[in-house]
Each structure stands twice: as structure tokens, then as C-alpha cells.
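Participant: okay, predicted coordinates and the sequence, questions at the end:
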Amino acid sequence: MPFLPVYRSVTNMQILSTILSHRISRLILLPTAVCGTLLVCLLASSSVQMLWFGMLLCLLLAIVADRIPTADKASVSLLETPFYLSHDHEVFQRYRSLSQSLLCVSQRLGVVYRELALQRLDEMTTEANALAQGRIDFTETETWRIAYEKLLRDPTVFIYRSVALVRHPQYWKDAPGLGSMLLNFQLIDEQIVNVERIVIIADELWPRGEDMPVEELRQWIHEQSVHGIWIRLARLSDLRTEPNLVRDFGIYGKLAVGTQEMSDDFQRTHRFRLKFDPTAVRQAELDWDKLEVYSIGYKTLLDRFELRE
Amino acid sequence: MRFYMDTARLGRACPNSLQVQCEFAQLAAEDPSLYSLDFLRDGAEVWHDSVRRRFPMLSRWRGVAHLQSMFADAFGMDVHGSIFLASQSAKLVRIAARLMFRQCRNVLTSDMNWPAWQAIVNEEAANNGATITHIKLADRVILDGWDDIEMSCLLAEHYVKKNCDCFFLPVVSSHGIGLPIEDLVARIRRYAELRFVLLDAAQAFCHVPVDGPMQSADVLITGCHKWLGAHLPMGVAAVKSYYVAAQLRQVFNYGDHVTYCHDPLLQLTEQIIRGQVNRYSETVDIAPMLSACGALASGHARPQHVCEQLHKRLSNRHGLVECFRESRWETLPLDDSIQTAILLAQSRGKQFSPTNPDELLAQFRNHGIGLSAYSNGTVRMALPSEKLQPDQLACLHSALYSVCT
């Protein structure tokens, strides 16, 4: 029955792990293990040797288990939090700074100040919770494009799939939008990333019965296509039964999903939300697959209508 | 050489090309300034009459645009098509493969692809994080006698099953197997999206009609030194639509020496067409263009001529196969639907010991026969278009009997 002690020891792994967490215990255990192994190998019978090595294996597993950081925040008590964070120097610095600020807030006595400070802290907490869930929002700013470039340049991202919801012919034609488009072209030329784009077009920009979208938009599409972006086009009205697909989003490899909400004039960014969440990426991929059903390749349209420059 | 059957490797220079090369060499000795930029752009019309009389074959040169239109006619292309000329066909393969992988994630290829070109496609796929779906087909066709429909079905099935979105295949393999490209494209389009078709027509151009495959291809690449008979190697890419041509330009305009997309002839011809020649660029060998022009002028590439020639070559097959009957060699039988003017043969019973192709080649050469030999003891013969004469057949018969003994 050589596995019996192993099994028993595994059931007691938690206890072992607790013992091993003490420095003194580790100092005693290591020489004991080495000496014991030597003695067992020299003097003991094969069954005792099996038992001994089973014990050692359990100890090893316990050490490994002890060293794996626990991500579940519920299992980490408030007092343990700084110890866990101390493994991550960058986050720990922020933790210390925030803690010191909270101490300062707590030491101030003004009632009005306290009320305002708590309100602001609640807002900060909400944002921190979003960050903890892998969500980063950029509101009323175009600075999200810095994160966009970092994502596209990430070495794990080979393909960027983008859905552009175009309700205005000037879509992505302001300076930040043109900059992002040039970045797309540059990264394609440098073989850093490949881009596929589905353009959902409002019906007034691609009237039913028309072969192609309005010229201004078609040229924007054509330029991207010539640069090697694989483009498909979908009419907005064709998606009326799939309202959840009608949004502007990008899938950055398997890393993240970004969703852009446009302002009321459909030209500027109201909010850009990044989700670093595998579930969100998978869901976006499913949405992409559905959009492919409703869209047609720009190349197919060109072949069909033999458009000339 | 009494009996040349190695066109599939290097075609015999046609008389026009030969004369062009002679005249060009003479011109280089007498007055190299005559092949100026104007000459390249507008042709021999810029020369004085006396010069034209001295170099009659060179005088047929009417500029780069005219050469491109001659190639376009040979490929059966309409006005939307574009032709790209490069010093190396491998460069064109790299540029086309790079364009393909900008838009595609998974390419279907087969073991019938030319290894050097397949390696380029593999490299470009790796650079772009794309997948290669490689199908082993040659043995099934050569040993099991598959026909075109069986090949097409297998390729289409793998294309759909493995989620491919483009393919890179030869129109005619180096073993002389004709692939059913148009049928394959039609089959795939029934079930899946086909984003890009890259075809290798190195063995097909001027050997079998290529206007059909051209209609199915985005980019078709060939050379000039095999069946066209221009002797000097030059890469030619035929692009069906202006749109893909614009994409291709985008790739090689970005390309530089580092990215292996730079080709001096391609750069020069594009600059000439656009009227924006950089006079301080590198010196380019233009002889392949002139030689190809001579070969095309002789009508070798006209679709009707190619059909007639193919018919003549195939009519020689029977006589040739008869030579094998009592020899120690046997032809590898291919289904009629995929046969071309290339014949494969191997020693009967595989008792032939030398696997060194050079030795095999030398033995056939000693009998006055030029062909290609491979390390597995197989030989490849490109059927000639002239009717085989009894003395030629006797020569071959003697060789087939002797080489094996």
C-alpha cells in the first residue's frame, strides 16, 4: 500500500503548508529531510523507502501550494492584504500611497470636507472596482488611442478585428482618427499586425439599391482595403433584428476588447471602454462571427460591380 | 544535343530571342547610350531609321507598357488587369505572399508546389502568424491514378474543414500534373469564403492555356525561361483586377532591401509606367525584357498557338510511350484529365541503382538526350512540339535500353 501515506499526507497539506510558512520550521525541515533520506536509503527496507519518499513528495507539494499566490480576494483578510501586495512592488507603492492618503482623510475633522471626501472616495472605489474587473474607461477624451497603439503593438496580438459603426461620412476623419488609421497602415506595412474590419453603414450612407456606399465613405473604405485591411460591409438596417451587434468595437488578438461610443454628432468619442477579460473577448468573437453573416466582402462588391478608379 | 526534352527546366531560346540578345550585345559594344530611358519607355521609335535598320529585331521593342500589354494578351486578361515585371520571380512570390497574408489567416498548399516558392510562402506565413494547411497529393495522383475531380474534391474538402481562406497552388506542377484550378475555385466558393488565390504558372505559361486559371486567380506568377523560350529569366506577375494591383503596389512600395521585397527591374518598370523615374537609382539589367519581347513577338504565347502546340506535343506522347515498351523504363501513368506535355518515367522494377541525378543525366546526355533527373531515379521529359522523327525515337529507344543496363 505505498500510496496510502501519500494520500493521507495530501489531506493534511493545509496543515503542512501552515507549518512551512514559519521560517524556523523551514530551517529545521530541510536538514531533517536530507538526513532522513540518507538514513532511509542506507538502512531501511524498500517499503519504508516508499513511505519516506511519499512523505517528501507531500512536503514538496505543500511548499509549492504555499508559494502560489491566492487571487481570490475573499480568502485574503484585510490584515493579510499588504503582505500579499508586497509581492508586487508597483501595486504595493500605490497601495501605500493610497493608505497614507486615507489616513490623512480620516484625521481631518471638518464635517463638510469629510462628506465631500467620502463622496469622492466612493467614486474612486467604483473606478477601482472596474479596474479590478479588467475594465478601463476613457470618457470624453481621445487619449484612449495611446492605449489602442500599445495594444496593437503588443507582441501577442497578430490580428486586430474591428467593427466600425459609421453613421456620418466624417467618421474617423478628424486628426485623432486619421492618426489611428495611419497607425493601422504602418503596423500592417511593418508586419506587426493584420487588420480586419467590418463597417456597419447607416442606410442614408449606403442606400438600398446602391452598389456602393456614398463616395466619400467608399474612398475611406477603399484606401484601407488597398493597404491590405480585409473589409466587409453591412447595412445598419439589416441588423435591426440584432440590436446588440450594432456597436463600434475592436478585438485585440485574445487580449482585450475595446468598445467606442460616439458623441451625438457621431464624429467624436464619447467613451472608449477596454475590457481585459477572456469572456468579453470570446463574446466579441461570437458577435464578429454573427456580423460576418450580415456583411459582404468589399472585394466581392468590387468584383461584382467592376468599379474603376 | 540531338533530342532536347528539358524545356520544363530551361527552354531552348526561340530564334527571335536569340537574335534580340545578339543585337543587344552588339549594341552594347557599339553605342550603349542607345538604350536610354526614352528607348525603354517609348521603344525603338526614338531611334534614327539607320539604327533601326542595323538592329531589326531590337527595333520591335515598343516600350515597357507595350511589353506588359503583350503579356496581358498572352494571359487572356481584360483592360482591368495589370502586369508586373521583376528580375526574379521569387521576389514576386514574396510580394504576393505578403499581400495574401495581410488578408488571410490560413493558406491551403500542397506537395505539388515548387519547394523554393513554398518556402517563401511558409516564411511569410510565419511572419504574419498565419497557418499553412499542407495537403499531400502527389502520390495519390502519380501512384493511385487520381483524376482532376478527385483532386479538386480532396483540396476543397480540406479547405473547408481546416477553415482556410486562401490557396497557393501550381497550375501545372513540376511533375507535369495539371491542377483543376477553376473547378477547385468553384467548389470552394460554394461552401466557404475565398479571399485570395495565388497561382504558380511557371510550368504552365506557354505550355497549357492559362486564361482559365487567370480568371480564378488574384495573382498568377510565371517566368520567361521555360516554355516561352526567352532564355533569360524574368519574373512576371499577372493581376486580374486593378484593385489587387493597387494592393500589390502598396506592398512593394513599402518594401526595401531589408524586407526582401525590393526588385530593381520591378521598381524601374513601375517608375517608367508612372513617368517618375529616379535617375539616380541602381543600374538594371533590361536584357530579359527585350528577350521576352522577342519571344512574345514570335507568337509563342498567343492562347491559340499554345493550344495548337500542346496538341502537337501530346500527339508525340504515344510515339514516346511506345519507346518505353521494351525498355527497362516505364512511364508513370497519369489520368487523362490531368495530363500535360510533361512525361515522368522511372526504371522498371526499380532495379536501377544510381540515385545520383547527375550520373543519370550524364548517361542520357551521352545518348544525345537532354532531360531532368531526380534523386529517386525518376526522369522528366518535356514533349517537343515538332513531330518526333523515326531517328529521334530510335535514339530515345536506344538510350532507354542502355541507360538502365
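Facilitator: Yep, that arrived.
Participant: list the contacts of residue A:290.
Facilitator: A:242, A:245 (CB atoms under 8 Å, 6 or more residues apart in numbering or on different chains). From N, CA and C alone the C-beta is placed, and that goes for glycine too.
Participant: which residues of chain A lie near chain B?
Facilitator: Residues of chain A lying close to chain B by CB under 8 Å from any CB of the partner chain are A:158-159, A:188-189, A:191, A:194, A:196, A:225-230, A:297, A:299, A:302-303, A:306-309.
Participant: wasn't residue B:346 part of a helix?
Facilitator: No: looking at residue B:346 with DSSP: H, G, I helix; E, B strand; the rest coil, it is strand, so not inside a helix.
Participant: what's the closest non-adjacent residue to it?
Facilitator: Once flanking residues are discounted, residue B:346 sits nearest to residue B:378: 4.7 Å by CB to CB, 6 or more residues apart in numbering or on different chains.
Participant: show me how far the host helix or strand of residue A:97 is from its chain's centre.
Facilitator: Using DSSP states H and E, residue A:97 sits within helix A:89-107. Its chain's C-alpha centre lies 26 Å from the corresponding centre of helix A:89-107 when counted by CA atoms, centre = their mean, to the nearest Å.
Participant: OK, contacts around the residue nearest to residue B:346?
Facilitator: Applying CB under 8 Å, 6+ apart, the residues near residue B:378 are B:332, B:344, B:345, B:346.
Participant: number of nearby residues for the last one?
Facilitator: Burial measure for residue B:346: 17 neighbouring residues, criterion other CB atoms under 10 Å in any protein chain shown.
Participant: now residue B:358. Nearest residue, chain neighbours left out?
Facilitator: Leaving aside its chain neighbours, residue B:358 sits nearest to residue B:373 (7.7 Å; criterion: CB to CB, 6+ apart).
Participant: cool, residue A:297 as well?
Facilitator: What sits nearest to residue A:297 in space, not counting adjacent residues and going by CB to CB, 6+ apart, is residue A:232, at 5.3 Å.
Participant: how about the one you found, phi and psi?
Facilitator: Backbone torsions of residue A:232, given as degrees, to the nearest 10, read phi -120, psi 150.
Participant: roughly how far apart are it and residue A:200?
Facilitator: The gap separating residue A:232 from residue A:200 is 10 Å, by CB to CB, to the nearest Å.
Participant: swap in residue B:304?
Facilitator: Residue B:304 is 49 Å from residue A:200, by CB to CB.
Participant: which one's more surrounded, those two?
Facilitator: Comparing residue B:304 with residue A:200 by neighbour count (other CB under 10 Å), the higher total belongs to residue A:200, at 24 against 9.
Participant: quick check: neighbours shared by residue A:232 and residue A:200?
Facilitator: In contact with both residue A:232 and residue A:200: A:291, A:295, using CB under 8 Å, 6+ apart.
Participant: what comes up buried for stretch B:385-397?
Facilitator: B:385, B:388, B:392, B:393, B:395, B:396, B:397 (16 or more other CB atoms under 10 Å in any protein chain shown).
Participant: over to stretch A:93-111?
Facilitator: residue A:95.
Participant: distance from the chain centre to that stretch, please.
Facilitator: Centroid displacement of stretch A:93-111 relative to its chain, using CA atoms, centre = their mean, is 30 Å.
Participant: can you tell me the closest non-neighbouring residue to residue B:68?
Facilitator: residue B:83 (4.0 Å).
Participant: spell out which parts of chain B neighbour chain A.
Facilitator: B:80, B:98-99, B:101-105, B:127-129, B:193, B:195, B:241-243, B:246-247, B:250-251, B:254, B:259.
Participant: out of those residues, name the ones that lie in helices.
Facilitator: Secondary structure assignment by DSSP state H places B:98-99, B:101-103, B:127, B:242-243, B:246-247, B:250-251, B:254 of those in helices.
Participant: farthest-separated two in those residues?
Facilitator: Across those, the longest distance by CB to CB is 26.9 Å; it joins B:127 and B:242.
Participant: so the two - more neighbours on which side?
Facilitator: Neighbours per residue (other CB under 10 Å) separate residue B:127 from residue B:242, with residue B:242 holding more: 17 against 14.
Participant: on contacts alone, who are the packing partners of the host helix or strand of residue B:364?
Facilitator: Remark: residue B:364 resides in helix B:357-366, with elements defined by DSSP H and E. Packing partners of helix B:357-366 (3 or more CB pairs under 8 Å, 6 or more residues apart in numbering or on different chains; DSSP states H and E): strand B:372-373, helix B:390-403.
Participant: so what secondary structure elements neighbour the last one?
Facilitator: Helices and strands in packing contact with helix B:390-403 are listed as strand B:3-4, helix B:303-324, helix B:357-366, strand B:369-370; criterion 3+ CB pairs under 8 Å, 6+ apart.
Participant: do you know how far the one residue sitting closest to the centre of chain A is from chain B?
Facilitator: When CA atoms, centre = their mean is applied to chain A, the residue found nearest the centroid is residue A:276 (1.5 Å). Distance, residue A:276 to chain B, using CB to the nearest CB, to the nearest Å: 20 Å.
Participant: ok, that residue touching residue A:131?
Facilitator: No: using CB atoms under 8 Å, residue A:276 is not in contact with residue A:131, being 9.6 Å away.
Participant: okay, now residue A:192: neighbour count?
Facilitator: Residue A:192: 17 surrounding residues under other CB under 10 Å.
Participant: so what's it closest to, chain neighbours aside?
Facilitator: Residue A:192's closest residue in space is residue A:153 (CB to CB, 6+ apart), at 6.4 Å.
Participant: contacts only, for the one you found.
Facilitator: So residue A:153 contacts A:187, A:192, A:193 (CB under 8 Å, 6+ apart).
Participant: which of the helices or strands spans the residue lying farthest from the centre of chain B?
Facilitator: Residue farthest from the centre of chain B, counting by CA atoms, centre = their mean, is residue B:50 at 37.1 Å. Per DSSP H and E: residue B:50 is located in helix B:49-54.
Participant: any idea of the mean pLDDT in that helix?
Facilitator: Averaging pLDDT along helix B:49-54 gives 90.
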